[in-house]
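Chemist: sequence first, then the predicted structure, then my questions.
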Amino acid sequence: DYNPLHTDTKYATEIAKYPGVFAHGMLSMGLTGKMLTNYVGDGRLTKFGVRFSKQVWPGDTLTATATIEDLREEDGQQLVDLSVQTVNQDGEVVIKGNATARIDA
């Protein structure tokens with residue numbers, strides 16, 4: 001994304017009136033997705049969706065977690081439904097969402 005909100009401090013502060021540049025939401029989603037694939041394995045995610053609730057600023061430290069909500073079978077496949085959340089160093093939720101992955105029985 002080439003939006004100047006993410007790359008141009010002058011634009012972000014003087015024109016858009018933000019305190020500074022901030023991370024593109026897809027960067028935070030990508031980091032959250034990496035946590036998921038580290039957990040369930042590459043090529044196993046069948047669904048992944050999030051909502052962005054706060055900006056991520058330069059210097060923020062993010063922590064992503066997944067919680068198992070359900071284990072189920074669908075069309076002969078074993079699936080796990082997960083809730084996902086990413087928080088900043090102050091414990092503020094910056095991403096909240098859900099994912100589904102195939103698992104071995």
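Modeler: Good, I have the coordinates.

Chemist: contacts, neighbours, all on C-alpha from now
Modeler: Noted.

Chemist: tell me where the model's unsure across the chain.
Modeler: Filtered on pLDDT under 70, the chain yields the residue ranges 1.

Chemist: longest helix of it?
Modeler: The longest helix of the chain (DSSP state H) is helix 25-40.

Chemist: how about the nearest residue to residue 66, chain neighbours excluded?
Modeler: Nearest non-adjacent residue to residue 66, counting by Cα to Cα, 6 or more residues apart in numbering: residue 84, 4.4 Å away.

Chemist: which ones are touching the residue sitting nearest the centre point of the chain?
Modeler: Central residue of the chain (Cα atoms, centre = their mean): residue 29, 3.0 Å from the mean position. For residue 29, the contacting residues are 50, 95, by Cα atoms under 8 Å, 6 or more residues apart in numbering.

Chemist: what segments of this structure are strands?
Modeler: In the chain, strands defined by DSSP state E lie at 45-52, 63-74, 77-87, 93-103, listed in chain order.

Chemist: buried stuff in the second one?
Modeler: So the one you mean is strand 63-74. Within strand 63-74, the residues that count as buried by 16 or more other Cα atoms under 10 Å are 63-64, 66.
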